[in-house]
Structure formats: C-alpha cells, structure tokens
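Student: Build me a model:
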Amino acid sequence: MTALSFSNAAIVGMGQTGCSVARFLGRYGIACTAFDEGTVELPDDLKHIPLHTGALNSAKLAKAECIIVSPGIPWHHPVLQKVRQNGMRVVGDLDLFLEQFNGEILAVTGTNGKTTAISLIAVLLETQPGGIEAAGNIGQPMLDLLEEEHLPDRVALELSSFQLERCAGIRPGWAALLNVQPDHADMHLDAASYLAAKLKIFEQQGEGDTALLPDAACWHELAGELAARGVHVRRFGVTETAHGLDAGLHISAGKTALFWSQDGDHHIIDCDEILVRGSHQQLNMAVAAQAAADFGVHATVIREALTSFRGLPHRLQHLGSHAGHEWFNDSKATNPDAARAALESFGKVLWICGGLRKGLDLSPLNQAISRHVSHAYIIGKNTEAFAALLKSAGVSFDNAGDVQQAVEQAAGFAEPLPVLLSPAAASQDQFANYAERGRTFAEAVDTLEEAA
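Tutor: Numbers count the residues shown, from 1 in each chain. Predicted coordinates:
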C-alpha cells in the first residue's frame, strides 16, 4: 500500500467510521488522538488511543499533522472551519481510501435509494471476474476493505453528501446520481451546499467514464457539461415511452415495466414479476440493472436477480399478515419525499408517521396523504406539525405516542387495510437510528401474532 504523508493524526467523531480510521492508521504505525463531542467509550482494541470528549478544541487539534473527520460531524463546525482556514489538512475517510485503492470504482449518491442500488449492484457484479465489494455509507466502512490480503478488483461505494463534501476529489469510472431532495438541513450550510456536495461525484470524471443522471430538465446542463468532457452520459427516469432513456420505468395502460439498455436494445421486465414494491424502489433497481449491463453482466443474469430480489430491511419491507392487516416497514423513510413515494405505492393505507422532523417542510406530502391515507397514527415527541398536516389533508388521526401503541391501535382498525410505517422524519427523538425504530415496529407486529 502507498505510504501515508503524515506521522500523527486527530480523528474527530468516534463512531463506526472513526474507529475504522483508527484501525487503518494503526496498521501504518500512525499515532492517533481521538475526539468526540459526545460521551463515547472506545472499543477494547482502541483503548490505548488518547480520547478527548466534549467541545472540540482547535489548539488540541492543531497538534496533529492531519485531521480526519467522520461523516456525522458537520463540515461547517466552527472549530473545523478555523483549523482549515489556518491551513491544516482536514479530510474524510474517503480521501484515505482513494490514496490506497487503484481498482475500478462505481459510486452512487442521492438523498434516497442509495443502499438499495448499491446492494443490488454488488449482487449483480459479483458474477463478474474479480468480483466486487460494497462499502461506504452502506454500513461497511471503506477502509475496512483495505485490511484484506488481496484488494478487490472493483468496489461499489455508497457515498453520502457528508463523505463527498469533505473529499478532495474522486473520479469513479461509473457514477450515478439518484435524486436530490430536501434533507440534512441541519448538517449543511444550505441547500446549495448540499447540492454541491452531491455533484462532487462527477467533478473529476472525463474521457471514458460513465455518468447516470435523472431524466429531469434541471440536470440537462450538467449532462451537457459531462458529455463535453468525454463522459458517456446515460439518463434514467419514469416515462410513458422508453425512447430517449437508457433505464427506468415505462408506464402504459396502467401497467409498469422496468427497463435498461444493453447491446443496443431495451430489456424489459413487467413489474408484476418483481417482488419489491414501490416505483421509487423499482427505479433504483433499474439503475442497478444499467450498472450491471455497463459492466458486461449478461441480461439473463440481470433479469433473474431483479425478479428474485426481496429488497432490504426497513425499505418498504413486507412483514407479512398479522391481525387481519398486511404490515410494511419503511422506517428508512426519514424525509417527506421518501414517505410520499411509499404512500403512492398503495391504494389506501393506515399510516404510522412522525419523529424528528429536522425542520423539513411536510407540505409536499399533502396530496399523497389525501389520496392514500385512510387514518394515521402519529408517533414521536413532537406531534404538532404532523397533526396540522393531517388536518389540512382532511385525514383522521390518533396521537399514538410510540411505535408499540401505534401498532396496537392500527391492529384494531376495522377495515383490513395495509399498515405502513413510513415516518417522514428521523428517529433520534425516540431511537438511536431508523434501524432500531424499524426493528421495534417489526417486534411489535410479531407480538400481535403471538397474542392472537
């Protein structure tokens, strides 16, 4: 591996990524000091590292030759801004990874759908010589891949706006932008900063690279700029005619089909053959199919993978039939756009919503609620915004308070409608993360079966 250009480092944020950085640097013999503004305890194998908790101190950080900042720490944190202005090297784990990895990189970013797309890409490209590994925001820190004796020939990276924001530069041979929707307002200076972070995925692409962009007018200018640099630009979206798009969903006469381009033809699968529900998820699957096709995966393999894929936990996950209702866990829907897409996947539902709103505007949900929600159950510590939203949409609701109560109340609803947990809000007012919220929901649903 390439030698590092510094002999000591400060690591800011000691969650999963920060610990991954510490282990990576330890393999190089780099002295580390850990910083975290919260109350944390280092794992046993890292307890030898000095740990500073509480407010960040620029003087202490300045003693390091390099500062590595975890994705969960705001890049515009005043102390981090100060040390950058003083000329210190401040990076994320992505920069360290890129210095060491020389294989092919596929990268996907977007507000929603990244994990579904990357997971399916990894499944599909595993069939190719040299295989593939998935890492990044998907759960496995990318630096952990470098522990392997033999590095993979290619990696699929799920990249958040936080990872891209603090990256000096990345040139993926294949990159996709799924969407950009209002989110993470508390972690970026403004919407423009959030967008700029996402678009860094394309900044260094050039001749021979591939970029997959949504089929919307707001991306036409970017498509033109990339094409002028020699990038092969593909477009995807939802259309009534597949002509002009490389991948997406074709809707005609009330039927929806997934398609992708390969060997000069469009390959099509009727969405009735796909187990995963929701056009937004199926669109992410089309992106994965196009990635696989671009890397030479046979169309038959792509078709078999798409029709057998059951989706991922907490993403419109079907939990089965309990107490006369079908139950769906979409806890990953932490913003209004994700919840709207989930609601539009049904006729009528009982909707469990609420949580930490992060200042996001809920009004884009109004029409979907009016059309698709029969009754709602609000969870979370602050229910006022969701109550006002449901009143404006003309939908009845109960303040359930917590997930368990919402499940019990929904189970007693007379009409056998599906029950959808798709909160349109973050979880940290009551849970550690969306996964814990989803598991709590699933456990509460299982309890209904036992009680019956």
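Student: Only C-alpha atoms from now on, for both contacts and neighbour counts.
Tutor: Noted.
Student: And the contacts of the lengthiest helix in the chain?
Tutor: Longest helix of the chain, by residue count under DSSP state H: helix 434-451. Residues outside helix 434-451 that contact it (C-alpha atoms under 8 Å, 6 or more residues apart in numbering): 314, 319, 322-323, 327, 329-332, 334, 403-404, 407-408, 411, 421, 426-428, 431.
Student: 6 Å - rerun?
Tutor: Residues from elsewhere that reach helix 434-451 (C-alpha atoms under 6 Å, 6 or more residues apart in numbering): 314, 322, 331-332, 404, 427, 431.
Student: And stretch 334-350, by the same measure?
Tutor: Residues external to stretch 334-350 that are found in contact with it (C-alpha under 6 Å, 6+ apart): 278, 333, 362, 365, 372-376, 417-419, 422, 424-426.
Student: Of these, which is the nearest to A192?
Tutor: Nearest to A192 out of the contacts of stretch 334-350 is L362 (C-alpha to C-alpha; 19.9 Å).
Student: Kindly list the main-chain dihedrals of that closest one?
Tutor: phi -90, psi -10 (degrees, to the nearest 10).
Student: Let me see the contact set for it.
Tutor: P336.
Student: and the gap between the spatially most central residue of the chain and G136?
Tutor: Centroid check for the chain by C-alpha atoms, centre = their mean gives K114 as the closest residue, at 4.2 Å. Using C-alpha to C-alpha, to the nearest Å, one gets 11 Å for the distance from K114 to G136.
Student: G320 now?
Tutor: 31 Å.
Student: what's the answer for I118, then?
Tutor: 10 Å.
Student: neighbour-wise, which of those two wins?
Tutor: I118 (31 against 23; other C-alpha atoms under 10 Å).
Student: give me the element the more buried one is part of.
Tutor: Per DSSP states H and E, I118 falls inside helix 114-125.
Student: about what we covered before: biggest separation within the contacts of stretch 334-350, which pair?
Tutor: Using C-alpha to C-alpha, those span at most 25.0 Å, a distance reached by L417 and A426.
Student: Run the chain-centre distance for stretch 246-265.
Tutor: 24 Å (C-alpha atoms, centre = their mean, to the nearest Å).
Student: wait, what's in contact with G131?
Tutor: Neighbours of G131 in contact, by C-alpha under 6 Å, 6+ apart: none.
Student: Pull up the gap between it and N137, please.
Tutor: Using C-alpha to C-alpha, we find G131 at a distance of 20 Å from N137.
Student: okay, now Y28: neighbour count?
Tutor: 12.
Student: go on, the one 5 residues further on?
Tutor: Here the count is done by other C-alpha under 10 Å, and T33 has 21 residues near it.
Student: just L151 next, same as before
Tutor: By the measure other C-alpha under 10 Å, the count of residues near L151 is 17.
Student: Number the chain from 732, please
Tutor: New numbering, starting at 732: the last item is L882.
Student: which SS state does it fall under?
Tutor: coil (DSSP: H, G, I helix; E, B strand; the rest coil).
Student: Quick check: closest non-adjacent residue to it.
Tutor: Closest residue to L882 apart from its sequence neighbours, by C-alpha to C-alpha, 6 or more residues apart in numbering: L876 at 7.1 Å.
Student: same question, T1038
Tutor: Leaving out its chain neighbours, the residue that sits closest to T1038 by C-alpha to C-alpha, 6+ apart is I1005, at 4.7 Å.
Student: right, and that neighbour touches A1036 too?
Tutor: No: using C-alpha atoms under 6 Å, I1005 is not in contact with A1036; the gap is 9.7 Å.
Student: hey, where'd the helices end up in the stretch 832-981 of the chain?
Tutor: All helices of the stretch 832-981 of the chain, identified by DSSP state H, counting those that start in this stretch, fall at 845-856, 892-896, 922-930, 951-959.
Student: With M745 as the reference, name the closest of these.
Tutor: Among the helices of the stretch 832-981 of the chain, helix 892-896 comes nearest to M745, with 15.3 Å by C-alpha to C-alpha.
Student: next one: the closest one to chain centre, how far?
Tutor: On C-alpha atoms, centre = their mean, the centre of helix 892-896 falls 12 Å from that of its chain.
Student: what's next to it, contact-wise?
Tutor: Contacting residues not belonging to helix 892-896 are listed as 802, 928-929 [C-alpha under 6 Å, 6+ apart].
Student: run the last query once more with 8 Å
Tutor: For helix 892-896, contacts defined as C-alpha under 8 Å, 6+ apart pick out 802-803, 805-806, 823-825, 840-841, 925, 927-929, 931-932.
Student: For it, C-alpha coordinates in CSV please.
Tutor: C-alpha atoms of helix 892-896 as CSV (Å, rounded to 0.1, in the frame of the first residue of the first chain):
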residue,chain,number,x,y,z
SER,A,892,-23.2,14.2,0.9
PHE,A,893,-21.1,14.3,4.0
GLN,A,894,-18.5,11.9,2.6
LEU,A,895,-18.4,13.8,-0.7
GLU,A,896,-18.3,17.2,0.9
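Student: what's the average pLDDT for it?
Tutor: When pLDDT is averaged along helix 892-896, the result is 93.
Student: again, but for stretch 801-819
Tutor: Stretch 801-819 shows a mean pLDDT of 93.
Student: Can you show me the CA trace of it as CSV?
Tutor: Presented in CSV, the C-alpha positions along stretch 801-819 are these (Å, rounded to 0.1, in the frame of the first residue of the first chain):
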residue,chain,number,x,y,z
SER,A,801,-16.2,11.3,10.4
PRO,A,802,-19.3,11.9,8.2
GLY,A,803,-21.5,12.5,11.2
ILE,A,804,-19.6,15.7,12.2
PRO,A,805,-20.8,18.9,10.4
TRP,A,806,-18.1,20.1,7.9
HIS,A,807,-19.1,23.7,8.8
HIS,A,808,-18.4,23.1,12.5
PRO,A,809,-16.8,26.4,13.7
VAL,A,810,-13.7,24.7,15.0
LEU,A,811,-13.2,22.7,11.8
GLN,A,812,-13.6,25.9,9.8
LYS,A,813,-11.0,27.6,11.9
VAL,A,814,-8.3,24.8,11.5
ARG,A,815,-9.0,24.6,7.7
GLN,A,816,-8.5,28.4,7.5
ASN,A,817,-5.2,28.0,9.3
GLY,A,818,-4.0,25.7,6.5
MET,A,819,-4.3,22.4,8.3
